[in-house]
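Q: the amino acid sequence is not available; the structure is as follows:
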Ligand code: BGC
């Protein structure tokens, strides 16, 4: 095996400088202005700032765990503002907090060391369960009050894999001290701004109740240039144009999964998705619950006017043309045009509305206009009928709505379908033994504050069911063993590359042992010490790689894998880009494509083949510890973001993404052993939808399965999901890999189910299901696979050949 020095020099490289400049510019666009009474942007002449809050000097660039990125320098908000020429009048308070922070860090480092010394296990395992907690901040008192032009308070939160957040003060809720300090700030200063340096939803009801908070901006977590990006936005050098990708509720209890989510009901073994398809705004809108800030919401420094110019539709596509004008007179800005549809209730109930597509305008100067054209497939408006296992469009009226947030839309067209159509016939898959009891709305309950009534809808289009084409899927029937037809030669992957052999011919020559080696990652040779996030033997700090054992004999290169999604996670410093939620808040596909490209360029520089990102699980509940690594509560937005980021990465030759965690990984407590009970409809419409979009539109090189079980079967062992759905229905061509250690006994590592109800997934069943690569794998995996094939237990040589071939096909792309 070759040990590659990812970067041999300590000197900052030109590409890093360029990337950081770019992230600085683009990150600002992702920020969401929630409130602004005119105090933003800061007035010219603003010099002295009273700066407070935990995130001021200790700005969080992204979450913890495998989603963290090693960087040369993390520019805090304080540094960003200082370098932009602002002076702080609150150095005393900031210094005081620095000291508390340093002490807390020292104590934490001690705990990590003690853990490793006592158990011999890597400290990251301790950190999963016991993340670093920021110390209580000092009280702001009269001595801190000095004359200033504006006051800024930065609220920060951190979270990461292995542990869900808590609906407690200091986490979901603001702490008493935070509220006290913000209140004090508003009583003693003018021009008070609160910045949210958070990776997910927090309670803002109590913040909004404080009089005198004149602006609230969701900065998010914007990578290592965050401080500069904030300064640019506050001074209008960059114009923020972000929109929320989640519903921010008035109260945590308003989320339909609030009572039972993860640890909330004391049951970590089984999670019943009784909210069904009613996730996020689909719930709030349908059940008449008013959010604090709705999905899609965000202000600008200017105002816009939208006018729908035309709507056309046929059986294939719906097209909406919208003219947007910047009607302000001072600042330029970009607006996001959002198109929603309301499908008719029929045999199946429907959410009040669902996002169809969206588009962002270019930067419009005051008075300037832009026309955006938004197109989507008519059949995207179909719903999944679990009874018949088919996507259907019921007869009736499909209302098309256009606006700049989910709660600020106008009905612009009605598409009238004369009869029910089956758009795609599938078979029943992923069934649970017990049906989940789901929420239902029998009669639509419209929120009185949600005005749906529009007197005259300008466009009316009739569609005939008979003009739709019904599509069918061919599912795999049996796997045939590949026979070696070129016995006299020793074929290599280079032969395949040169066009002198096919992948089938090469695979047919591999022995069961060679294939088992290929299908299990490398760590087993030097198992000790390696852990999640850094099990690679090739590139320091990379998460893992495939075997070197076929390098000489078959010229199969290692596939080197590094984590994300907020940049590349290696020992070498890389550029930290905004976390996925923040990126998605841009609703800007060009921006997200560029971020993908930028990561792809660093993969090239640093010898990484597969990026273990994007993460694309659905924000089902705000407490999921890894929400920051995922985009949104909405599957269409999620799917488009992941597809676009993938296209960006894969525009770099031989570099690929690994979309994860497939699927239903929506909680972190007991993540390896929790069984998610999800109805087939909710799976199809919500939890699998984003993956479907990403696979069909971008063909990522790889998919990573999730740790959890779905309806009683581990995702890693799920033939229905991996073969029938991903490959047969969606046409996925790449490789599937497990999440780390899913298919092995993790007791030694301390990763155990508290109740013991469910155990880890089966290595042999991974092969059967088509989970091609077990990461990082262990010798036992190899032995189990070899034994199973040789003794004809559970799997055949054909099963193993299929997995091996998938890995070879991706390795070929990297050559
Ligand atoms: C995470 C994955 C990550 C892997 C490798 C796991 O703990 O769930 O998202 O890619 O570790 O670091």
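A: That came in fine, so what should we check first? For clarity, every value in this text was computed on a predicted model and none was experimentally measured.

Q: what score does whichever residue of the stretch 701-815 of the chain sits closest to the ligand have for pLDDT?
A: Residue nearest to the ligand within the stretch 701-815 of the chain (Cβ to the nearest ligand atom): residue 740, separated by 3.9 Å. C-beta coordinates here come from the backbone N, C-alpha and C atoms, glycine included. Reading off the confidence values, residue 740 has pLDDT 95.

Q: swap in residue 527?
A: 44.

Q: what of residue 688?
A: Looking at residue 688, its pLDDT stands at 98.

Q: any idea how far it is from residue 387?
A: The gap separating residue 688 from residue 387 is 18 Å, by Cβ to Cβ, to the nearest Å.

Q: so for the two, which sits in the more crowded spot?
A: residue 688 (28 against 11; other Cβ atoms under 10 Å).

Q: could I get the contacting residues of the closest residue to the more buried one other than its chain neighbours?
A: Leaving aside its chain neighbours, residue 688 sits nearest to residue 663 (5.6 Å; criterion: Cβ to Cβ, 6 or more residues apart in numbering). Counting by Cβ atoms under 8 Å, 6 or more residues apart in numbering, residue 663 touches 617, 683, 687, 688, 691, 706, 710, 715, 721.

Q: and the gap between residue 663 and the ligand?
A: 13 Å (Cβ to the nearest ligand atom, to the nearest Å).

Q: gap between that residue and residue 260?
A: When residue 663 is compared with residue 260 (using Cβ to Cβ), they lie 19 Å apart.

Q: over to residue 212?
A: In terms of Cβ to Cβ, residue 212 sits 38 Å off from residue 260.

Q: comparing the two, which residue is more hemmed in?
A: With neighbours defined as other Cβ under 10 Å, residue 212 and residue 260 compare such that residue 260 has more, 18 against 15.

Q: which helices and strands does the helix or strand residue 182 falls within pack with?
A: Here residue 182 sits within helix 176-188, counting by DSSP states H and E. The helices and strands touching helix 176-188, judged by 3 or more Cβ pairs under 8 Å, 6 or more residues apart in numbering; DSSP states H and E, are strand 48-52, strand 150-156, strand 192-197, helix 205-208.

Q: let's go with 6 Å and repeat that
A: When contacts are defined as 3 or more Cβ pairs under 6 Å, 6 or more residues apart in numbering; DSSP states H and E, helix 176-188 packs onto strand 150-156.

Q: next, the angle from the strand it packs on to helix 176-188.
A: Here strand 150-156 runs at an angle of 170 degrees relative to helix 176-188 (axes from the mean of the first three to the mean of the last three Cα atoms, to 10 degrees).

Q: now the angle between strand 192-197 and strand 150-156, please.
A: Calculated by the same axes, to 10 degrees, strand 150-156 forms an angle of 20 degrees with strand 192-197.

Q: starting from strand 150-156, tell me which strands it pairs with and how they run.
A: According to DSSP bridges, strand 150-156 forms sheet pairs with strand 48-52 (parallel), strand 192-197 (parallel).

Q: just the mean pLDDT for the first one, thanks.
A: Which is strand 48-52. Mean predicted lDDT for strand 48-52 stands at 98.

Q: following the chain past that strand, name the next helix or strand.
A: Downstream of strand 48-52, the first helix or strand assigned by DSSP H and E is helix 77-83.

Q: show me what counts as buried in that next one.
A: By neighbour count on 16 or more other Cβ atoms under 10 Å, the buried set for helix 77-83 is 77, 78, 79, 80, 81, 82.
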